[in-house]
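K.L.:
make a model of this:
(one chain, ligands or ions: 2)
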Amino acid sequence: NKDVYILGIETSCDETAVAIVKNGTEIVSNTVASQIDSHKRFGGVVPEIASRHHVEQITVVIEEAFQKAKILWDDIEAIAVTEGPGLVGALLIGVNAAKGLAFAKQKPLIGVHHIAGHIYANRFEREFEFPLLALIVSGGHTELVLMDGHGSYDLIGETRDDAAGEAYDKVARVLGLPYPGGPQIDQLASEGNETINFPRAWLEENSYDFSFSGLKSSVVNTIHNAAQRGETLNKEDVAASFQASVVDVLTAKTYKAAEHYNVKQVIVAGGVAANQGLRAGLEAKFNDTLIPLLIPPLNLCTDNAAMIAAAGFVAYEQGKRSGWDLNANPSLLM
Ligand code: KG4
Ligand code: ZN
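P.N.:
Residues are numbered from 1 along each chain as shown. Ligands and ions are numbered 1, 2, ... in the order given. Now for the predicted structure:
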């Protein structure tokens, strides 16, 4: 059995990322050019700036990925690229780079769903066992996905409004913290106490859906009301109270779904999986059960291309191929 090397490309948001992965499970090189510094002063990702950076960076990052991997184009079996969801102008750069390279080098092309990528980031840590439940928590997503096998994704719950990471970023902004706010709130929360009882949106009895906009508004109102009374709330306590509400709901719903579907593994993916409070909450909950919990290391939680190559490898093995009509799809469904 010959080793299969997949080149992965990811440009859905503000990271220009290229990676080479062996057999879907081994990272050979994983290069990420982050644009955070360019977006910081605007308090969030500016789509037009993101696209321009991707154009500047993409060829540099591809070359770097090959240099670090010490392998040649001849060794590459296929090219996997994020086709969506994400920012359309950003996605277009990766998709067109992948198409151009696939055409020039005569390699198969595979479009990958960004969330499938986040899920497959966990496969570098441990082999999957099905059925498997994935909690995806990022700046754009909060989803529970049930998998019966490789490449099979069944969406059982999702946010009805804001994504978890979006709520983190918005609350951070109100607290005057720089973008991206998630890691900052995480840090503050570890120094504070849960002194405010913010709402938890449980929704209907059997729903695995989420909602974070009510929580976000409650935090914003609490801060503004205090300001009107001439008080300033302790930022650490606000962060700890907000985080407790997010972690409670994410943990409880994930646990309930894991039990209900009798899964063999629970995996966590997306930028918010880096959150210390969420990690601790999930670990505490699943510790007393027989269900193994996988959370990827920090550098694999946030956007990268190794995860896209890993998900692309599975699609490749299953014979899935994209045509030359592959296009960026900002609202691609799972
Ligand atoms: O997966 P990701 O890199 O990009 C998207 O696909 O969205 O996730 C980025 C999101 C941002 O909202 C960021 O604030 C959040 O993940 N994030 C965190 C932490 N680290 C990143 N949120 C909470 N706690 C963290 N430690
Ligand atoms: Zn992401």
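K.L.:
tell me what the worst-scoring helix or strand of the chain on mean pLDDT is packed against?
P.N.:
Lowest by mean pLDDT, DSSP states H and E among the helices and strands of the chain is helix 36-40, with a mean of 85. When contacts are defined as 3 or more Cβ pairs under 8 Å, 6 or more residues apart in numbering; DSSP states H and E, helix 36-40 packs onto helix 47-69. From N, CA and C alone the C-beta is placed, and that goes for glycine too.
K.L.:
got the domain ranges for this protein?
P.N.:
Here the chain is described, according to automatic domain parsing, as comprising the domains 5-120+301-317, 130-295.
K.L.:
hang on, Ile27 in a strand?
P.N.:
Yes. Assessed with DSSP: H, G, I helix; E, B strand; the rest coil, Ile27 lies in a strand.
K.L.:
mind listing the residues bridging to it?
P.N.:
Here Ile27 sits in beta bridges with Val21, going by DSSP bridges.
K.L.:
touching, Arg126 and Ile295? I think so.
P.N.:
No. Taking Cβ atoms under 8 Å as the definition, Arg126 is not a contact partner of Ile295, at 10.8 Å.
K.L.:
which one of those two is surrounded by more residues?
P.N.:
For Arg126 and Ile295, the more surrounded residue by other Cβ atoms under 10 Å is Ile295, and the numbers stand at 21 against 13.
K.L.:
return the per-residue confidence for the more buried one.
P.N.:
We note a pLDDT of 94 for Ile295 in this prediction.
K.L.:
now it. Nearest residue, chain neighbours left out?
P.N.:
Leaving out its chain neighbours, the residue that sits closest to Ile295 by Cβ to Cβ, 6 or more residues apart in numbering is Val268, at 4.6 Å.
K.L.:
same thing with His141?
P.N.:
Using Cβ to Cβ, 6+ apart and skipping the chain neighbours, the partner closest in space to His141 is Ala163 (5.3 Å).
K.L.:
returning to that earlier point: make sure the residue nearest to Ile295 is indeed in a strand.
P.N.:
Yes. Going by three-state DSSP, the assignment for Val268 places it inside a strand.
K.L.:
pretty sure it contacts Leu135?
P.N.:
Yes. Under the contact definition of Cβ under 8 Å, Val268 touches Leu135, with a separation of 5.0 Å.
K.L.:
now Thr68: how far from ligand 1?
P.N.:
No, residue 68 isn't Thr; it's Lys. Counting by Cβ to the nearest ligand atom, to the nearest Å, the gap between Lys68 and ligand 1 amounts to 21 Å.
K.L.:
centroid residue for this structure?
P.N.:
Taking Cα atoms, centre = their mean as the criterion, Gly270 is the residue nearest the geometric centre of the chain, at 2.5 Å.
K.L.:
can you count the residues close to the closest residue to it other than its chain neighbours?
P.N.:
Excluding its sequence neighbours, the residue lying closest to Gly270 (Cβ to Cβ, 6+ apart) is Ser138, at 3.3 Å. Using other Cβ under 10 Å, Ser138 is surrounded by 24 other residues.
K.L.:
contact partners for Ser138?
P.N.:
Ser138 sits next to His118, Ala163, Ala164, Gly165, Ala269, Gly270, Gly271, Val272 when contact means Cβ atoms under 8 Å, 6 or more residues apart in numbering.
K.L.:
longest helix in this structure, by number of residues?
P.N.:
Of all the segments assigned as helix in the chain under DSSP state H, the longest by residue count is helix 235-260.
K.L.:
how distant is that one from the center of its chain?
P.N.:
A distance of 18 Å separates the centroid of the chain from that of helix 235-260, by Cα atoms, centre = their mean, to the nearest Å.
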